[in-house]
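>>> Sequence plus predicted model, see below.
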Amino acid sequence: MNAVIPMPAVPLVPVVGGGVFPVRRIYCVGRNYVEHAQEMGFTGREPPFFFMKPADAVVPVADGQTGLVDYPTLTQSLHHEIELVVAIGTGGRNIAAADAARHIYGYAIGLDMTRRDLQGEMKKQGRPWCIGKGFDQSAPIGPIHPKAATGELNRGAITLSVNGQPRQSGDLGQLIWSVGEILEHLSAAWALAPGDLVFTGTPAGVGAVVAGDSMVGAVEGLGSLKVTLR
Ligand code: MN
């Protein structure tokens, strides 16, 4: 059967060591580090919750390259959120936390870019967050490192600097809900499939960036992710 419109491209993220990872869905976890939950006005004791970004929100940044992202429309408060991203290689439903590791293909560094003013307005009105979280180019991501090479990532520094100034700093060991627990909760709500990306939450220190700013995110074991706003 011929497609009657141009076939949408599947977003592809480069894999360290060769190949590409086709993206199916992007899941994100909200408030998964205590200090960030507190800076957003919560206790950090809430159960995990999820939102999504469209797959084509990814901006893949190859190893050693600098990603270019356009400052988005409609916002006066674009925030950075540096996050560990888990790439699903084997799908499943009702995955137990203890069994989650075998579903992971690899890991990447990602930025959950957020139109904070629009997100705040939607929260206030009890409306969906899509416009604040799921906009074009809202998910810059570095190359995927196969778990076969990194091993399981359960601790290690996660940081972000803007124009050379430290902004965010934490440790993967501070996740309120571990990667395994996240996948357990997620897979109870949705069937996970190969190609899914899971943004696991951001440490404290989120803040605004403007056009011209240069962000450098790092996760121990995954190198760094450089993104410039234009
Ligand atoms: Mn986030």
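Received, thanks.

>>> Could you pull up the contacting residues of whichever residue of the chain sits closest to the ion?
Residue nearest to the ion within the chain: D112 (3.5 Å; Cβ to the ion). All C-beta spots, glycine's among them, are computed from the backbone N, C-alpha and C. Residues near D112 by Cβ atoms under 8 Å, 6 or more residues apart in numbering: C28, K53, E81, E83, K133, S138, A139, F199, T202.

>>> give me that answer again for 6 Å
The contact partners of D112, by Cβ atoms under 6 Å, 6 or more residues apart in numbering, come to C28, E81, E83, F199.

>>> so the second one touches V206, yeah?
Yes: at 5.5 Å, E81 counts as touching V206 under the criterion of Cβ atoms under 6 Å.

>>> Which residue of the two possesses the greater neighbour count?
E81 (23 against 19; other Cβ atoms under 10 Å).

>>> So for this structure, which residue is the most central one in space?
For the chain, the residue nearest the mean C-alpha position is F199 (3.2 Å; Cα atoms, centre = their mean).

>>> how close does T228 get to A193?
Distance of T228 to A193, computed by Cβ to Cβ, to the nearest Å: 33 Å.

>>> lowest-pLDDT helix or strand in this structure?
Of all helical and strand segments in the chain, the minimum by mean pLDDT, DSSP states H and E falls on helix 34-39, at a mean of 85.

>>> Show me what that helix is packed against.
Here helix 34-39 touches no other helix or strand, going by 3 or more Cβ pairs under 6 Å, 6 or more residues apart in numbering; DSSP states H and E.

>>> Tell me which residues are up against the helix or strand that comes right after that helix.
Next helix or strand after helix 34-39 toward the C-terminus (DSSP states H and E): strand 50-53. Strand 50-53 is contacted by residues I26, Y27, C28, W129, K133, G134, S138, A139 when judged by Cβ under 6 Å, 6+ apart.

>>> hmm, strand 50-53 touching the ion?
No: Strand 50-53 lies out of reach of the ion by Cβ under 5 Å from the ion, never closer than 8.6 Å.

>>> I figured I158 hits G170, correct?
Yes: I158 is within contact range of G170, at 5.1 Å (criterion: Cβ under 6 Å).

>>> The two: who's more crowded?
Legend: neighbour count by other Cβ under 10 Å for I158 and G170, higher for I158 (28 against 22).

>>> sec struct for that one, please.
strand (DSSP: H, G, I helix; E, B strand; the rest coil).

>>> Enumerate every residue touching it.
By Cβ under 6 Å, 6+ apart, the neighbours of I158 are G170, L172, P203, V219.

>>> H145 now?
Residues in contact with H145, defined by Cβ under 6 Å, 6+ apart, are V16, G106, Y107, L222.

>>> How is it assigned, secondary-structure-wise?
The local conformation at H145, judged by three-state DSSP, is strand.

>>> That one and V16, how far apart?
Counting by Cβ to Cβ - H145 and V16 are separated by 5 Å.

>>> ok, now A189?
Here A189 is placed at a distance of 30 Å from V16 (Cβ to Cβ).

>>> can you list the residues of the chain near the ion?
Counting by Cβ under 5 Å from the ion, the chain sits next to the ion at E81, D112, T202.
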